[in-house]
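Student: okay, sequence plus prediction incoming.
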Amino acid sequence: ASQSGTKVRLATLDISIKLLSQLVNNSDRSYLQDRHLACIENARECCTQLLRNFYKSEEIFLDMFEDEYREMKTRPLNVEYLMQDASILLPPTGTPLTGIDF
C-alpha cells in the first residue's frame, strides 16, 4: 500500500493487519514468528511515512484525518460491515463515472 502505483489501499492494509492480529494473537501466546511480525510492522511503518508526506503537502489532510480518527474511536471497527462495502476494499478508481449504474 505504501509503494507507488500499488492497487492496495491503506485502509485495506490496516483492516488486514487488525484481522491478522486477531487471528494469530492469543491472550498468552502469539502464533506469528518474529520475522512475520517484523514484516507487518514494517508495512505499517511504510504507510505511516506515506501519510506523513500527505500531512505536509495537503492542507485539508489533517482535518480529514482527525475527523476519521475521532469517528473510529467513537465507533469500533466492524469488519463485517466493512466487508459488505466492496468500494472500501477495492483499489481506488480513476474515473468520475465510477459508481454510477447505467
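Tutor: Okay, I see it.

Student: quick check: buried residues in stretch 49-57?
Tutor: Residues of stretch 49-57 include none that count as buried (16 or more other CB atoms under 10 Å). Every C-beta, even on glycine, is put in place using the N, C-alpha and C of the backbone.

Student: in this structure, spot the helix with the most residues.
Tutor: helix 34-57 (DSSP state H).

Student: for it, packing partners?
Tutor: Helix 34-57 is packed against helix 10-24, helix 61-74, with contacts defined by 3 or more CB pairs under 8 Å, 6 or more residues apart in numbering; DSSP states H and E.

Student: one more pass at 6 Å, please.
Tutor: Judged by 3 or more CB pairs under 6 Å, 6 or more residues apart in numbering; DSSP states H and E, helix 34-57 is in contact with no other helix or strand.

Student: show me where this protein dips below the pLDDT cut-off.
Tutor: 1-10, 55-56, 58, 77, 88-102 (pLDDT under 70).

Student: re earlier: report the angle between the axes of the longest helix of the chain and helix 61-74?
Tutor: Here helix 34-57 runs at an angle of 130 degrees relative to helix 61-74 (axes from the mean of the first three to the mean of the last three CA atoms, to 10 degrees).

Student: distance between helix 34-57 and the chain's centre?
Tutor: In terms of CA atoms, centre = their mean, to the nearest Å, the centre of helix 34-57 is set 11 Å apart from its chain centre.

Student: got phi/psi on Tyr31?
Tutor: Backbone geometry at Tyr31, expressed as degrees, to the nearest 10, gives phi -90, psi 0.

Student: the residue nearest to it when sequence neighbours are not counted: how many residues sit nearby?
Tutor: Residue nearest to Tyr31 in three dimensions, not counting chain neighbours: Val24, with 4.4 Å by CB to CB, 6 or more residues apart in numbering. Residues lying near Val24 (other CB atoms under 10 Å) number 15.

Student: now do Glu68
Tutor: For Glu68, using other CB under 10 Å, the count is 11.
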